[in-house]
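Participant: A structural model of the following input is requested.
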Amino acid sequence: MGVRFENFLGRELVLPDDRSCDPAEGLWIKREDGGRLAIGMTEPTVLMGGTVREVELLVDDGSEVSKGETVILVLTAKLKYIASPISGTLVCPKDLSSLPENLVKDPYGTTLFHIVSQEDETGRFLDASDYANSLKDSDGARNPGGHKGGVSPTCKAVYMAIGEQNISKGD
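Facilitator: Numbers count the residues shown, from 1 in each chain. Now for the predicted structure:
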């Protein structure tokens with residue numbers, strides 16, 4: 001089923017309750033068979049980043065990675081470096097080119113990478129309900145209408161000024 005979160009950038013979100021979340025990295029973690037963990041970006045993280053343009057692997061597939069080690073770069077309106085939430089062996093999708101489109105369409109159905117780990121560290125992450133509570137003070141929740149420029153006074157001033165400008169070509 002999932003946990004509902006209303007008015008996040010003007011949308012209603014359903015946070016799946018079959019996985020854990022790492023709010024610091026904006027990742028979801030789902031245990032699979034054989035000690036394998038599927039890891040992807042949460043929908044709030046994708047929405048806050050904007051359009052996903054590119055996903056680049058920063059370490060080799062099959063490498064041993066440590067918790068906190070940067071493993072993937074996601075290019076949106078900004079650069080988002082993704083660190084592995086757990087130590088283990090990194091297993092990446094074979095087709096990175098389809099990840100940007102899939103992340104936007106279905107963040108909870110798109111796995112960025114897998115970690116094969118013998119340790120079960122998923123208990124230190126948040127469940128869907130606790131993750132929803134952590135979002136209540138986020139920029140996306142403070143902008144329930146999804147307005148351009150967000151809720152920051154500086155951003156609002158810039159967007160208002162741009163909207164009021166009368167730009168014409170010089171002679």
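
Participant: how close does the nearest residue to Ser20 once chain neighbours are set aside sit to Leu57?
Facilitator: When the adjacent residues along the chain are set aside, Ser20 lies closest to Phe125, with 3.6 Å between them (Cβ to Cβ, 6 or more residues apart in numbering). To be clear about C-beta, it is placed using only N, CA and C from the backbone, and glycine gets the same treatment. Remark: distance between Phe125 and Leu57 (Cβ to Cβ, to the nearest Å) = 23 Å.

Participant: which one's more surrounded, these two?
Facilitator: Taking other Cβ atoms under 10 Å, Phe125 and Leu57 do not tie; Phe125 has more neighbours (20 against 17).

Participant: ok, now which ones touch that one?
Facilitator: Ser20, Cys21, Asp22, Ile29, Pro85 (Cβ atoms under 8 Å, 6 or more residues apart in numbering).

Participant: ok, Val71 touching Leu58?
Facilitator: Yes - with contacts counted by Cβ atoms under 8 Å, Val71 reaches Leu58, the gap being 5.8 Å.

Participant: which of the two has more residues huddled nearby?
Facilitator: Val71 (21 against 14).

Participant: next one: the more buried one from Glu121, what distance?
Facilitator: Taking Cβ to Cβ, one finds Val71 at 16 Å from Glu121.

Participant: Phe8 too?
Facilitator: 27 Å.
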